[in-house]
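Asker: Give me a 3D structure for the following:
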Amino acid sequence: MKDSILIVLGAVLISISGQLDLEVPLSTTDISGTWQTFAVLVFAFATNRKIGTLAVLLYLILGVLGAPVFADGTSGWNVLVGKTGGFLSAFLISAFIVGRFAELGWNPSFFKGIVAMAIGTLIILIGGTLYLSTFIGIEKAYQYGFAPFLLGAFIKIILGALVLPLYYNFIKKAH
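Answerer: Numbers count the residues shown, from 1 in each chain. Modelled structure (predicted):
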């Protein structure tokens, strides 16, 4: 029962974060920059690979079924198989891997948090960019789906690595 509640909570957090824009200077893309990757990675790192991955899966199912949970309140199968679908699909792999790092005890460490968040972010960016390249070619995919997100990714990696040890030391130890 506790796992189910956490999975739903994770899907809700990811959904809300998809509506929160991350505006960074010099962004040259029409793909929304949001706090989704932050939510996916922090949630998986705060829980584990099973709960993090299932939360992402529930989020994707809700979006495909029509709930306006994807970036900018979009939904539907067409979003999942459209130009941004690779980023969304890569959330699953990233949550699984980052959640595994949590199971290995990485989450109370700032430096291991940076590594875990960076690996998770790269999985999402590379997976999304490669899929986007099937629509617009690899050069344009890099130009519009990878490079513009590096500054935002850096910000989210650092914040995630800061938040997780605090969570672990203050909240998790209290229980």
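
Asker: Please identify the helix or strand for residue 4.
Answerer: Residue 4 is located in helix 2-17, with elements delineated by DSSP states H and E.

Asker: got a list of contacts for that helix?
Answerer: Contact partners of helix 2-17, identified using CB atoms under 8 Å, 6 or more residues apart in numbering, comprise 34-36, 38-40, 43, 47, 50-52, 54-56, 58-59, 62, 67, 69, 91. The C-beta positions use only the backbone N, C-alpha and C, and glycine is treated the same way.

Asker: let's see 10 Å
Answerer: Contacts to helix 2-17, defined as CB atoms under 10 Å, 6 or more residues apart in numbering, come from residues 34-40, 42-44, 46-48, 50-63, 67-71, 73, 91, 95.

Asker: among these, which ones are buried?
Answerer: The neighbour count (16 or more other CB atoms under 10 Å) marks 34-40, 42-44, 46-48, 50-60, 62-63, 69-71, 91, 95 as buried among the contacts of helix 2-17.

Asker: Let's see which of those end up in helices.
Answerer: When the buried ones among the contacts of helix 2-17 are checked against helices (DSSP state H), the matches are 36-40, 42-44, 46, 50-60, 62-63, 91, 95.

Asker: least trustworthy helix or strand in the protein by mean pLDDT?
Answerer: helix 150-166 (a mean of 91; mean pLDDT, DSSP states H and E).

Asker: That one - contacts with which helices or strands?
Answerer: In this structure, helix 150-166 makes packing contacts with helix 36-46, helix 110-136, judged by 3 or more CB pairs under 10 Å, 6 or more residues apart in numbering; DSSP states H and E.

Asker: could I have that helix exported to CSV, CA atoms only?
Answerer: In CSV, the C-alpha atoms belonging to helix 150-166 read as follows (Å, rounded to 0.1, in the frame of the first residue of the first chain):
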residue,chain,number,x,y,z
LEU,A,150,22.8,22.0,-21.0
LEU,A,151,22.6,25.0,-18.8
GLY,A,152,19.2,24.0,-17.3
ALA,A,153,20.5,20.4,-16.9
PHE,A,154,23.5,21.7,-15.0
ILE,A,155,21.2,23.8,-12.7
LYS,A,156,19.0,20.8,-12.0
ILE,A,157,21.9,18.4,-11.4
ILE,A,158,23.4,20.7,-8.8
LEU,A,159,20.0,21.4,-7.1
GLY,A,160,19.2,17.6,-7.1
ALA,A,161,22.5,16.8,-5.6
LEU,A,162,21.9,19.4,-2.9
VAL,A,163,18.3,18.4,-2.1
LEU,A,164,18.8,14.7,-1.8
PRO,A,165,21.4,14.6,1.1
LEU,A,166,19.1,17.1,3.0
